[in-house]
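S.K.: Predicted structure and sequence below. I'll ask about it afterward.
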Amino acid sequence: MKPLWTGKTRWSQYRRSLKERIARKRRVKGMEGSKRVQEKWENQHGCIAQAVKQCSWKTLHTLAGVPGYQAQNLQDSGGTD
């Protein structure tokens, strides 16, 4: 590992690349976690997941008793456009 204190040019480049690597790792870890949660939900509630995937975006917003926030979550969990 290069020392971070050896010259301004090296500091700027190394620091930027270090931040990019950290951000990339966090992004990948977050996507994997989200995918794992989605798969777990689909395994536990197969029929509901299949029905939500078949619904259109407009249909999700008109479901009776579903507030906007929950409709948004339903759309994010697999509803089509």
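M.R.: Done, it's in.

S.K.: Below-threshold pLDDT in the chain: ranges please.
M.R.: Applying pLDDT under 70 to the chain flags residues 1-13, 57, 60-81.

S.K.: let's see 50
M.R.: Scanning the chain for pLDDT under 50 picks out 81.

S.K.: mind listing the strands in this protein by residue range?
M.R.: Taking DSSP state E, the chain contains no strands at all.

S.K.: By residue count, what's the longest helix in it?
M.R.: Longest helix in the chain, counting residues (DSSP state H): helix 8-44.

S.K.: Can you tell me which helices and strands that helix packs against?
M.R.: Contacting helix 8-44 under the criterion 3 or more C-beta pairs under 8 Å, 6 or more residues apart in numbering; DSSP states H and E is no other helix or strand. C-beta: built from backbone N, CA, C; applies to glycine.

S.K.: mind giving me the domain split of the protein?
M.R.: 7-44, 46-81 (automatic domain parsing).

S.K.: Could you check how many residues crowd around V52?
M.R.: Neighbour count of V52, defined by other C-beta atoms under 10 Å: 19.

S.K.: now it: how far from K58?
M.R.: 14 Å (C-beta to C-beta, to the nearest Å).

S.K.: What of K40?
M.R.: Relative to K58, K40 is positioned 28 Å away (C-beta to C-beta).

S.K.: just K25 next, same as before
M.R.: 38 Å.

S.K.: do the same with G46
M.R.: Taken as C-beta to C-beta, the span from G46 to K58 is 24 Å.

S.K.: show me the contacts for K58.
M.R.: Applying C-beta atoms under 8 Å, 6 or more residues apart in numbering, we find K58 in contact with no residue.
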